[in-house]
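>>> Okay, sequence plus prediction incoming.
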Amino acid sequence: MEINNFFYNFLNGNSTLEYIDVLGYRIYIDDLLLIVLIFFLYKEGVEDNLLLMCLISLLFS
């Protein structure tokens, strides 16, 4: 239930955490936003390959 507390605190502006720990991997908030954006663009069928490559390169940098 740590994730629920994290999102509750994040949405209320009380968060001191900068990342979510998932199976030992630290997923930072900006990385989480990029992953969600890439997922929604993929599910909507956006065919702009350059945009997807730029977002993925931002994710790995």
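Right, received. Where do you want to start?
>>> Please count neighbours and contacts with C-alpha atoms only from this point.
Fine.
>>> how about the strands in the chain?
19-22, 25-28 (DSSP state E).
>>> Highest average neighbour count across those: which stretch is it?
Greatest average neighbour count among those goes to strand 19-22 (a mean of 13), per mean count of other C-alpha atoms under 10 Å.
>>> Dump the strands of the chain to JSON lines, plus mean pLDDT and distance to residue 43.
Formatted as JSON lines, the strands of the chain follow (pLDDT from 0 to 100; distance: least, C-alpha to C-alpha, whole Å):
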{"stretch": "strand 19-22", "mean pLDDT": "76", "distance to residue 43": "24"}
{"stretch": "strand 25-28", "mean pLDDT": "81", "distance to residue 43": "22"}
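>>> Turn these into TSV, including distance to residue 36.
Shown next, in TSV, are these (distance: least, C-alpha to C-alpha, whole Å):
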stretch	distance to residue 36
strand 19-22	14
strand 25-28	12
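>>> what comes into contact with stretch 33-50?
52, 55, 56, 59 (C-alpha atoms under 8 Å, 6 or more residues apart in numbering).
>>> Closest one of the residues you listed to residue 21?
Closest approach to residue 21 among the contacts of stretch 33-50 (C-alpha to C-alpha): residue 59, at 16.8 Å.
>>> so the closest one touches residue 29, yeah?
No - Residue 59 is not in contact with residue 29 according to C-alpha atoms under 8 Å; the separation is 11.2 Å.
>>> residue closest to the middle of the chain?
Nearest residue to the geometric centre of the chain (C-alpha atoms, centre = their mean): residue 32, 0.8 Å.
>>> if I look at it, how far off is residue 56?
12 Å (C-alpha to C-alpha, to the nearest Å).
>>> again, but for residue 38
From residue 38 across to residue 56, the span is 8 Å (C-alpha to C-alpha).
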